[in-house]
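J.: no letters, just coordinates:
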């Protein structure tokens, strides 16, 4: 009886949810009207702008919009208004929301070398919108949740619903590969129709492939898992597969030939673009973290990876053996640092505790037993008061027998907290993209990298910026991007 109900419900859902895809012309399973899609896009666009800032350069924003408009003019779904926004983020990323909201980060923009490549990135994201990928994902997820609830009701077994959710997530992630390849194909089509060399899509994918190879190298050195393009926003297929698929599509005659001539006009638009950390979010220089706006600095243990996240700064030991996190909270009541630990953080019983004073800032710290990312164990907790704000520190070690050693490193970091002096403020300046013409004196990337302020792997990073990764040299007279 249960099986019969399942298939009847599935058939009803499929019949009621079928519609013609505006980009592919094929039947799709969707459970959302266009008005609902647009409302979903408006809602999520507000969330995006809470997490990211818009990059503060109106002329560059207008340029991004103009390139996007040119590609959108030859795309499907001409009834939509498309918004293209440059975000102030170091991430190498671009993503699309339902209803025409498309974003590219300055981190991604820095590694592009022509307007055609920018158009390729935006064209790919347009493909997600025109093919209604978000709607199709949402519809499939909704259907599996509905079925899961019905199966639970019919069977009386709660675990079945959870299993269905897991399967639904797996299905959606599986379709992620199909959607990305479909967006690549649509992007190539839009590029060619807009008058750009569609081979620019190939170059963008090569750029992403090189980013992946470089990050694998970094991940091996830092003892972590490599990051993937698009991060948490979607599950892009691996770059090797994407490259083969797009090359195949270009080979079918859609592409115009790519030019070897530099796009000087585009490169000049990148002159002055912030590279790496921004002063508004804080600057990482070697072991040190500086925040000009909040007027503080910290020194992390040697060889730890510093992670600058929205709302917090964190440090991770090699092979993820330990971590420390620092976050900022407002003070609302006149309480002592010790009372802050008990009332705001809910800390009761402690293994040890003591008052803390660092560079004139009053504080309190304790070791407690609690949950950590590694399981149950000891946690170092500390708070420092600075004016009307509290800096809160949490740290833990993966191995219990290493806690004392890790704790000594963490205490050194906590005690390094101080206000910025004049020298610190000079160090904590944003790096910027700058353009130079290649001459006989600066023809080799290795020699150019020696003068770069990039703190690690400067040659690799300059090669990535200029499409010479992992090897190759610019020609005399070429305009190349450096960092100042």
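T.: Looks like it arrived, so ask away. In this text the structure is predicted, and so the values were computed from the model without any measurement.
J.: flag the shaky bits of the stretch 351-484 of the chain, pLDDT-wise.
T.: Within the stretch 351-484 of the chain, no range satisfies pLDDT under 70.
J.: tell me which residue is most central in this protein.
T.: By C-alpha atoms, centre = their mean, the chain has its centre lying nearest to residue 91, at 4.4 Å.
J.: right, and residue 117 touches residue 199 too?
T.: No: Residue 117 is beyond contact range of residue 199, at 10.1 Å (criterion: C-beta atoms under 8 Å). (C-beta placed from N, C-alpha, C; glycine too.)
J.: just give the closest residue to residue 323, not the sequence neighbours.
T.: Among residues not flanking residue 323 along the chain, residue 316 sits closest, at 5.2 Å (C-beta to C-beta, 6 or more residues apart in numbering).
J.: pretty sure the one you found contacts residue 301?
T.: No: using C-beta under 8 Å, residue 316 is not in contact with residue 301, being 10.1 Å away.
J.: which stretches in the stretch 1-150 of the chain count as helices?
T.: Here the stretch 1-150 of the chain has its helices, by DSSP state H, counting those that start in this stretch, at 2-16, 34-51, 58-72, 106-109, 115-130, 133-155.
J.: for the second one, name the packing helices and strands.
T.: Helix 34-51 sits against strand 94-97, strand 101-105, helix 133-155, with contacts defined as 3 or more C-beta pairs under 8 Å, 6 or more residues apart in numbering; DSSP states H and E.
J.: tell me how many other residues crowd residue 409.
T.: When neighbours are defined as other C-beta atoms under 10 Å, residue 409 has 18 of them.
J.: ok now do it, which residues does it touch?
T.: 301, 322 (C-beta atoms under 8 Å, 6 or more residues apart in numbering).
J.: give the helix, strand or coil label for it.
T.: helix (DSSP: H, G, I helix; E, B strand; the rest coil).
J.: circling back to that earlier point, and the pLDDT at the residue nearest to the centre of the chain?
T.: What the model reports as pLDDT for residue 91 is 91.
J.: correct me if wrong: it contacts residue 104.
T.: No: contact between residue 91 and residue 104 fails when scored by C-beta under 8 Å: they sit 10.2 Å apart.
J.: is it true that residue 223 touches residue 304?
T.: No: taking contacts as C-beta under 8 Å, residue 223 lies outside contact range of residue 304: 10.6 Å.
J.: any residues in contact with both of the two?
T.: Common neighbours of residue 223 and residue 304 (criterion: C-beta under 8 Å, 6+ apart): residue 318.
J.: compare these two (neighbour count), which wins?
T.: For residue 223 versus residue 304, the count of surrounding residues by other C-beta under 10 Å is larger for residue 304: 20 against 14.
J.: excluding its backbone neighbours, what's nearest the more buried one?
T.: residue 315 (4.5 Å).
J.: host element of the one you found?
T.: Element membership for residue 315 (DSSP states H and E) is strand 312-316.
J.: contact partners for residue 105?
T.: Here residue 105 is in contact with 52, 86, 87, 88, 89, 90, 91, 92, 93, 94 (C-beta under 8 Å, 6+ apart).
J.: can we see that at 6 Å?
T.: By C-beta atoms under 6 Å, 6 or more residues apart in numbering, the contact list for residue 105 reads 87, 89, 91, 93.
J.: what sits against residue 260?
T.: Contacts of residue 260 by C-beta under 6 Å, 6+ apart: none found.
J.: rewinding a little: who's more crowded, residue 117 and residue 199?
T.: Taking neighbours as other C-beta under 10 Å, residue 117 and residue 199 compare with residue 117 leading, 25 against 22.
J.: verify the stated contact: that one with residue 206.
T.: No: in this structure residue 117 lies outside contact range of residue 206 using C-beta atoms under 6 Å: 10.0 Å.
J.: confidence score at residue 182?
T.: Value for residue 182, per-residue pLDDT: 83.
J.: returning to that earlier point: mean pLDDT lowest for which of the helices and strands packed on helix 34-51?
T.: Among the helices and strands packed on helix 34-51, helix 133-155 carries the lowest mean pLDDT (a mean of 48).
J.: domain map for this structure?
T.: 2-254, 271-276+430-483, 283-426 (automatic domain parsing).
J.: I'd like to know how many residues surround residue 484.
T.: Counted with other C-beta under 10 Å, residue 484 comes out at 13.
J.: that one against residue 434, yeah?
T.: Yes: the pair residue 484 and residue 434 passes the contact test of C-beta under 6 Å, sitting 4.5 Å apart.
J.: what's the mean pLDDT across stretch 32-50?
T.: 88.
J.: how far does it sit from its chain's centre?
T.: 20 Å (C-alpha atoms, centre = their mean, to the nearest Å).
J.: same thing with stretch 125-139?
T.: Using C-alpha atoms, centre = their mean, the offset of stretch 125-139 from its chain centre is 20 Å.
J.: what's the answer for stretch 66-85, then?
T.: That offset, for stretch 66-85, works out to 24 Å (C-alpha atoms, centre = their mean).
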